[in-house]
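1. The sequence isn't on hand, but the structure is:
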């Protein structure tokens, strides 16, 4: 017998898919925000004169980038409670995703810092700006403009990776799609709709980030 597409059962639960999509976006935004702070601190440390700081940052980046995100999520959610450190499933996933995003953003920001012309830094110091003022008002805006395209790719990647939260029963889009699939047995229809939502959201994020790039001056 041929398979007949019937989307009625999926549309009946479409609100759950949308709520899962909103939750996934929220998780990604929170994780990338925390990961951005981690990445900025680690990136400045990686180009500092401190050898210890460079070694620590290099170890963090190497460890996290070579560890599957799913394994990291399971470690935070299941292993840390054995050590007396407990987080709920939302905090666990955001923390794990932030560590993961931070490792990638460290390299993104480091590349942006390296691309800042040395003459600009020297000129800012020559007019009397302190090291902090130079980095905040001169280096950081140039670095962010250089890093923004890669940051956008990272954010889209983190949004897609939010689907891994289903492994610890966070009710984001993939979790909701699996639930509909189990309840209705409409496998093809459920995953077609879920895939369409992921694709449409990623296109919207990419378009928004392209508009954001135009707000930053070019150097």
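-> Here it is on my side, so go on. All values reported here derive from a predicted model rather than from experimental measurement. Numbering: from 1, shown residues only.
2. And for residue 206, the neighbour number?
-> Residue 206 has 13 neighbouring residues, counting by other Cβ atoms under 10 Å. No exception for glycine: its C-beta is placed from N, CA and C like everyone else's.
3. mind checking which helix or strand it is in?
-> Using DSSP states H and E, residue 206 maps to helix 187-213.
4. Of all the residues in that helix, which ones are buried?
-> Neighbour-count burial for helix 187-213 flags 189-191, 193-194, 197-198, 201, 205, 209 (criterion: 16 or more other Cβ atoms under 10 Å).
5. got CSV for the residues you listed, with pLDDT and distance to residue 41 too?
-> Formatted as CSV, those follow (pLDDT from 0 to 100; distance: Cβ to Cβ, whole Å):
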residue, pLDDT, distance to residue 41
189, 93, 46
190, 94, 41
191, 95, 39
193, 96, 40
194, 96, 36
197, 97, 34
198, 97, 31
201, 96, 29
205, 92, 25
209, 86, 23
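6. circling back: just checking, what packs against the helix holding residue 206?
-> Counting contacts by 3 or more Cβ pairs under 8 Å, 6 or more residues apart in numbering; DSSP states H and E, helix 187-213 packs against helix 8-12, helix 14-46, helix 140-161, helix 173-184.
7. And the first one, what does it pack against?
-> Contact here means 3+ Cβ pairs under 8 Å, 6+ apart; on that basis helix 8-12 packs against helix 173-184, helix 187-213.
8. Give me the residues contacting that helix.
-> For helix 8-12, the external contacting residues (Cβ atoms under 8 Å, 6 or more residues apart in numbering) are 17, 180, 183-184, 186, 189-190, 193.
9. ok, for the spatially most central residue of the chain, nearest residue in space, not its chain neighbours?
-> The centroid of the chain falls nearest to residue 158 when counting by Cα atoms, centre = their mean (3.5 Å). Leaving aside its sequence neighbours, residue 158 sits nearest to residue 28 (Cβ to Cβ, 6 or more residues apart in numbering; 4.7 Å).
10. For that neighbour, list the residues it contacts.
-> 97, 155, 158-159, 161-162.
11. So, low pLDDT: which residues of the protein?
-> 1, 216-219 (pLDDT under 70).
12. please redo it, this time with the cut-off set to 90
-> 1-9, 47-49, 112-152, 184-186, 209-219 (pLDDT under 90).
13. Distance check, residue 206 against residue 188.
-> 27 Å (Cβ to Cβ, to the nearest Å).
14. If you could redo that for residue 200, that was the one I meant.
-> From residue 200 to residue 188 the distance is 18 Å (Cβ to Cβ).
15. Then residue 215?
-> Distance, residue 215 to residue 188, using Cβ to Cβ: 41 Å.
16. same question, residue 198
-> 16 Å.
17. burial measure for residue 87, as a count.
-> So residue 87, with other Cβ under 10 Å, has 15 neighbours.
18. which non-adjacent residue is nearest residue 186?
-> Nearest to residue 186 is residue 9, by Cβ to Cβ, 6+ apart, at 5.1 Å.
19. from what I can see residue 142 touches residue 116, true?
-> Yes: using Cβ atoms under 8 Å, residue 142 is in contact with residue 116, at 4.9 Å.
20. From the contacts of residue 28, pick the one nearest residue 77.
-> residue 97 (11.8 Å; Cβ to Cβ).
21. wait, what's in contact with the closest one?
-> Per Cβ under 8 Å, 6+ apart, neighbours of residue 97: 27-28, 31, 35, 69, 73, 158, 161-162.
22. Columns distance to residue 82 on top of these, output as JSON lines?
-> Shown next, in JSON lines, are those (distance: Cβ to Cβ, whole Å):
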{"residue": "27", "distance to residue 82": "24"}
{"residue": "28", "distance to residue 82": "28"}
{"residue": "31", "distance to residue 82": "23"}
{"residue": "35", "distance to residue 82": "25"}
{"residue": "69", "distance to residue 82": "20"}
{"residue": "73", "distance to residue 82": "15"}
{"residue": "158", "distance to residue 82": "27"}
{"residue": "161", "distance to residue 82": "25"}
{"residue": "162", "distance to residue 82": "25"}
